[in-house]
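[1] Sequence and predicted structure are below.
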Amino acid sequence: MLGILFWLFVFMIVYTYVGYPFLIWLFSRMVAPPVANSESFPAITLLIAAFNEEKVIAEKIENSLKLDYPRDKFQILVMDDGSEDRTQEIIKSYADQGVELAYNPPRRGKMAAINRAITQARGEIILFSDASNSYASDVLREISVPFSDPRVGAVVGARSIDAGEGGLGESEGLYWKYESFIQKNESLMGCCTGIIGEILALRRELFIPPPDGIINDDFFMGMQIAKQGYRVAYAPKARSFESISTHAQDGVERRSRIIAGRYQAIVHANRLLPWNRPLVVWQVVSHKFMRPLVPIFMIMVLIVNILAFAFPPRVDSLKLLFLAPPYPWVMLALQGLFYFFAIIGRYFEQYKAGWLRILYIPAFLFNSNWAALKGLYRFLAGKQTTQWAKTSKSDSSH
């Protein structure tokens with residue numbers, strides 16, 4: 001029995017990280033890719049979320065003004081969620097270049113600010129962005145292409161991590177390439193569930209404001225599009241660039257907030273998921289709901305392994321399946337090696353450490369799942385608010 005439990009939890013981990021990506025890739029091979037019109041130029045509002053962004057908001061606005069898109073079809077609207085620094089002053093200095101400000105204190109969280117600012121948006125398409133990221137010059141053209149298909153209600157762009165960030169940047173960059181692979185194949189199947197809030201575009205007429213208390217507002221908005229029967233497409237050439245936090249702990253904090261929102265979404269799955277679209281439900285469960293459960297599966301694998309070590313099953317055949325000796329020792333040693341490599345990788349992850357780069361992967365997995373446990377605690381304890389917190393960013397240029 002212990003062996004069956006052990007392999008069940010191992011299967012859940014492998015399915016989450018490898019099985020689902022393989023299946024979605026396999027199924028997507030059977031679907032003809034959609035045909036879109038690249039000459040379509042819908043009116044777009046770039047909605048930038050800002051809170052105490054005096055160090056980066058000017059750079060963000062300059063980047064936005066340089067985007068290659070017909071200026072008469074492009075509105076830049078910055079929503080300020082009650083900043084206490086010079087953010088407003090800087091935004092207003094660009095008024096003569098057509099940059100608009102939406103401001104209504106006090107600070108009540110990102111989504112409340114969006115709900116107030118959306119009334120000032122004139123575009124047919126709303127593109128949500130953060131103040132800390134920058135866009136490739138052709139991002140508006142690329143993200144508008146899928147909207148030529150009337151079945152597309154939202155489009156998600158690609159998140160890229162700037163080079164030169166050491167082990168942290170390499171592992172984070174590798175993760176987003178992995179995510180991009182999944183998003184691309186999900187999109188071919190009809191609905192991308194990997195919603196990235198810093199580069200999410202949707203039809204203004206389909207926007208449904210998330211209710212108060214929603215942590216991952218971007219995921220909620222994407223699911224509302226799916227519930228209305230529309231596709232959520234992925235545009236890999238619509239690129240957003242961002243430097244990661246200079247400290248691993250900041251990355252853990254950011255993921256903890258996201259994972260707390262995932263647990264919230266799991267609890268509210270009954271009213272959140274598009275149950276009339278079972279394929280999308282399978283995608284969400286496999287891609288988004290199982291990920292935060294992986295650390296629980298990992299803990300159970302360790303506990304069952306220790307029990308099998310302390311109370312070895314006595315069988316004469318299928319010893320590996322039932323985790324009979326010597327396999328409890330072998331599996332325990334392999335788990336010990338993984339955590340040892342993860343700890344070593346965490347030590348070297350701020351450096352370009354030659355062949356030790358291979359340790360960035362177990363370190364990244366360890367950090368991600370540790371963040372998931374913190375996110376679970378925050379959600380259960382009710383300690384995660386809907387307001388976003390700033391983290392330390394490196395000074396890499398985009």
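    Great, that's in hand.
[2] so Phe128, which of the three states?
    Following DSSP: H, G, I helix; E, B strand; the rest coil, we place Phe128 in the strand state.
[3] Specify the beta-bridge partners of it.
    Under DSSP bridges, the beta-bridge partners of Phe128 are Leu47, Leu200.
[4] per-residue pLDDT, it?
    We have a pLDDT of 95 for Phe128.
[5] for the stretch 251-398 of the chain, which spans come out with low pLDDT?
    For the stretch 251-398 of the chain, the stretches with pLDDT under 70 are 251-252, 348-357, 383-398.
[6] Go again with 90.
    251-258, 261, 312-318, 341-368, 370-371, 374-375, 377-398 (pLDDT under 90).
[7] and what of the stretch 101-250 of the chain?
    102-117, 119, 132, 160-177, 190, 197, 209-217, 242-250.
[8] Tell me which stretches of it form helices.
    110-117, 139-144, 166-189, 217-227, 248-267 (DSSP state H, counting those that start in this stretch).
[9] for the chain, longest strand please?
    strand 231-242 (DSSP state E).
[10] So which bits of it are buried?
    231-235, 238-242 (16 or more other CB atoms under 10 Å). For glycine as for every other residue, the C-beta is placed from the backbone atoms N, C-alpha and C.
[11] before we move on, what about stretch 289-305?
    Under 16+ other CB under 10 Å, the buried positions of stretch 289-305 are 289-295, 297-298, 300-302, 304-305.
[12] In terms of distance to Lys110, which of these ranks first?
    Ranked by distance to Lys110 (CB to CB), the buried residues of stretch 289-305 are led by Pro292 at 21.1 Å.
[13] can you pull the contacts of that closest one?
    With contact taken as CB atoms under 8 Å, 6 or more residues apart in numbering, Pro292 is in contact with 259, 262-263, 266, 372, 375-376.
[14] Any chance of a markdown table for the buried residues of stretch 289-305, columns secondary structure?
    What follows is the buried residues of stretch 289-305, written out as a markdown table (three-state DSSP):
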| residue | secondary structure |
| --- | --- |
| Phe289 | helix |
| Met290 | coil |
| Arg291 | helix |
| Pro292 | helix |
| Leu293 | helix |
| Val294 | helix |
| Pro295 | helix |
| Phe297 | helix |
| Met298 | helix |
| Met300 | helix |
| Val301 | helix |
| Leu302 | helix |
| Val304 | helix |
| Asn305 | helix |
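[15] Can you lay out the residues you listed as CSV showing distance to Asn133?
    Putting the buried residues of stretch 289-305 into CSV (distance: CB to CB, whole Å) gives the following:
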residue, distance to Asn133
Phe289, 26
Met290, 27
Arg291, 22
Pro292, 24
Leu293, 29
Val294, 27
Pro295, 28
Phe297, 32
Met298, 31
Met300, 37
Val301, 36
Leu302, 37
Val304, 42
Asn305, 42
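[16] Within its sheet, name the partner strands of whichever strand or helix holds Leu77 and how each one runs.
    Using DSSP states H and E, Leu77 sits within strand 74-80. Looking at strand 74-80 with DSSP bridges, its partner strands are strand 44-50 (parallel), strand 99-103 (parallel).
[17] Single out the most deeply packed of these.
    Per residue and on average, the most neighbours among the strands paired with strand 74-80 fall to strand 44-50, with a mean of 25 (mean count of other CB atoms under 10 Å).
[18] looking only at pLDDT, what's the mean for that strand?
    Strand 44-50 shows a mean pLDDT of 94.
[19] Check which helices and strands the helix or strand following that strand sits against.
    Remark: after strand 44-50, the chain's next helix or strand is helix 57-65, criterion DSSP H and E. Other helices and strands packing on helix 57-65, by 3 or more CB pairs under 8 Å, 6 or more residues apart in numbering; DSSP states H and E, are strand 44-50, strand 74-80, helix 87-92, strand 99-103, strand 134-135.
[20] Thanks again, I'm all set now.
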